[in-house]
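Visitor: Here's a sequence, model it:
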Amino acid sequence: MAEPSTARSLKRTSWPRKAAASVGDIDTSYLESLTGYNARRAALTIISVFLDRMAQYELRPVDFSVLSLIAHNPGITSRQLCGALDMLPPNLVGMLRELEGRGVIEKREHPTDRRAQGLHLSAAGKKLYAKAQRTATELEVDALHDLSAEERETLHGLLRRVYRPQRKSGEPDQPG
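Guide: The predicted structure follows:
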């Protein structure tokens with residue numbers, strides 16, 4: 001007679017497990033030779049600190065990125081935001097609606113394109129962004145405490161070259 005599926009699953013999961021080896025005993029040398037692995041581990045470390053410290057402002061990394069681009073580019077359009085952040089428009093629409101509902105961004109008529117709306121920080125958005133920017137700067141220094149300022153700048157430059165490769169002379173600009 002066949003066992004019920006719950007009994008089978010209980011049997012499978014109830015066998016004694018060996019104690020997991022400590023991380024120091026695991027050979028991660030191959031993974032640590034891969035750029036993607038290292039970039040992902042570094043990103044997870046920084047994002048963890050970011051989420052903890054930005055919780056007071058109710059900002060996720062992508063929200064902060066959007067506010068930063070609006071703060072530094074008043075009047076930027078949603079299309080430009082999508083291009084700069086490599087986002088799909090449907091993903092941005094809800095986020096902008098939420099930020100507008102919180103009173104931190106405003107949509108205004110675009111000065112040269114009647115079909116577009118420029119995005120601006122409201123007075124409350126400027127205050128929020130100023131605090132969040134200070135926090136972001138501090139958390140970067142704290143998260144990268146083992147690196148000097150020069151090493152951090154070198155790291156940033158190298159990472160930009162991965163996601164934003166330099167064009168060879170004579171190549172047309174990439175769309176986006």
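
Visitor: Let me see the contact set for the residue positioned nearest the centre of the chain.
Guide: A centroid search over the chain (Cα atoms, centre = their mean) returns P61, at 4.4 Å, as the residue closest to the centre. Contacts for P61 (Cβ atoms under 8 Å, 6 or more residues apart in numbering) come out as 47, 50-51, 54. (Glycine included, C-beta is placed from N, CA and C.)

Visitor: give me the low-pLDDT residue ranges for this structure?
Guide: Applying pLDDT under 70 to the chain picks out residues 1-24, 167-176.

Visitor: now the helices for the protein?
Guide: Assignment of helices within the chain using DSSP state H yields the ranges 5-13, 35-54, 61-72, 78-85, 89-101, 123-143, 149-163.

Visitor: so of the ones you listed, which one's packed in deepest?
Guide: helix 61-72 (a mean of 17; mean count of other Cβ atoms under 10 Å).

Visitor: got the CA coordinates for it in CSV?
Guide: Extracted C-alpha coordinates of helix 61-72, given in CSV (Å, rounded to 0.1, in the frame of the first residue of the first chain):
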residue,chain,number,x,y,z
PRO,A,61,17.4,51.3,-2.8
VAL,A,62,15.4,51.9,-6.0
ASP,A,63,13.3,54.6,-4.3
PHE,A,64,16.5,56.3,-3.2
SER,A,65,18.0,56.1,-6.7
VAL,A,66,14.9,57.7,-8.2
LEU,A,67,14.9,60.5,-5.7
SER,A,68,18.6,61.1,-6.2
LEU,A,69,18.2,61.4,-10.0
ILE,A,70,15.2,63.7,-9.6
ALA,A,71,17.2,65.8,-7.0
HIS,A,72,20.2,66.1,-9.3
